[in-house]
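Colleague: sequence unknown, structure follows:
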């Protein structure tokens, strides 16, 4: 509960239980070997905004004809603590999705943090990342802008507005203000640019779309009305353009466990899975 008379102790002590999902320690909590499918790229994820970044990029790469970008996407149920299994922790010691293993490398190469995965795949396949230094730098500026803003939007606004057990006015106001400021940064930039790096669609757009496109489409935290997103017309235009891409539509379905059944593809192991293995067909 919120207590205006609360005074922090000299040394903070955790008061939770060992069974709590969130704990102040890291590392594996139980033994579990991750499955490995038939493709070199093995993704372990969930269709949160961060998870969607990677599946969108993989589908975009396949759309371009990069057959070596074929992948297996395994569902990690973070609400059940599957990110704390020993196999997952070995891939990502931070126990957060998404996590990728590239078995085309010897030994297999782990890649964790969504921004790092996007950069790794873009460089591996030489796609969706500009080659000239100026545009490449602008792309990376906005990629890291999104990564840096995520705690304010997700852990800040999302937590206190949508998930916190009590509504704390100060916290909601603080992070709603920051989220609107970030939307305004994006809106002013997109008023002068088709995409984040200029005229070229890049991993910067792929990183930002699930979060900020999700906000203006009311997919993220159901906060569109509260945040007054209609005023960000350039963000809305940009989101519509990206959502029209078939690869984006497919990428949003992978590892999805919510929404309409026909939009949920819990695991993806073949391109045909979009036609045959969505939840409405199982």
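Modeller: Looks like it came in fine. Model, not experiment: these values are computed from the prediction.

Colleague: Now do the strands for the stretch 101-250 of the chain: every range, in order, please.
Modeller: 109-112 (DSSP state E, counting those that start in this stretch).

Colleague: pretty sure residue 84 is in contact with residue 25, am I right?
Modeller: No. Judged on Cβ atoms under 8 Å, residue 84 makes no contact with residue 25 at a distance of 10.2 Å. Any C-beta I mention is one placed from the backbone N, CA and C, and that applies to glycine too.

Colleague: Those two - which one has more neighbours?
Modeller: residue 84 (18 against 7; other Cβ atoms under 10 Å).

Colleague: excluding its backbone neighbours, what's nearest that one?
Modeller: residue 29 (4.2 Å; Cβ to Cβ, 6 or more residues apart in numbering).

Colleague: mind listing what the one you found touches?
Modeller: 81, 84, 85 (Cβ atoms under 8 Å, 6 or more residues apart in numbering).

Colleague: circling back to that earlier point, any common contacting residues for residue 84 and residue 25?
Modeller: With Cβ under 8 Å, 6+ apart as the test, residue 84 and residue 25 reach no residue in common.

Colleague: Secondary structure for the contacts of residue 29 - can I get that in a markdown table?
Modeller: Shown next, in a markdown table, are those (DSSP: H, G, I helix; E, B strand; the rest coil):
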| residue | secondary structure |
| --- | --- |
| 81 | coil |
| 84 | helix |
| 85 | strand |
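
Colleague: Not counting its neighbours along the chain, what's nearest residue 83?
Modeller: Residue 83 sits nearest to residue 95 (Cβ to Cβ, 6+ apart), 4.5 Å away.

Colleague: in terms of contact, does that neighbour touch residue 81 like I think?
Modeller: No. Shown here, residue 95 and residue 81 do not form a contact pair, counting by Cβ under 8 Å, at 9.0 Å.

Colleague: Name the next helix or strand downstream of the helix or strand containing residue 50, please.
Modeller: Using DSSP states H and E, residue 50 maps to helix 49-63. Beyond helix 49-63 on the C-terminal side, the first helix or strand identified by DSSP H and E is strand 71-75.

Colleague: chain center to that next one: distance?
Modeller: 15 Å (Cα atoms, centre = their mean, to the nearest Å).

Colleague: What of stretch 227-235?
Modeller: 21 Å.

Colleague: mean confidence for that stretch?
Modeller: Averaging pLDDT along stretch 227-235 gives 98.

Colleague: quick revisit: okay, residue 95 and residue 81: which has more neighbours?
Modeller: For residue 95 versus residue 81, neighbours defined as other Cβ under 10 Å are more numerous around residue 95 (21 against 17).

Colleague: List the buried residues of the helix holding residue 50.
Modeller: 49-62 (16 or more other Cβ atoms under 10 Å).

Colleague: Going by distance to residue 178, which of these wins?
Modeller: Nearest to residue 178 among these, counting by Cβ to Cβ, is residue 49 at 16.8 Å.

Colleague: In contact with the closest one: list those residues for me.
Modeller: 154, 210, 211, 214, 220.

Colleague: ok, the residues you listed vs residue 75, which is closest?
Modeller: residue 210 (17.2 Å).

Colleague: Let me know the pLDDT of that closest one.
Modeller: 98.

Colleague: In this structure it contacts residue 50, no?
Modeller: Yes. Look at residue 210 against residue 50 with Cβ under 8 Å: they come within range, at 7.4 Å.

Colleague: got the angle for the helix holding residue 50 vs strand 71-75?
Modeller: Here the directions of helix 49-63 and strand 71-75 differ by 160 degrees (axes from the mean of the first three to the mean of the last three Cα atoms, to 10 degrees).
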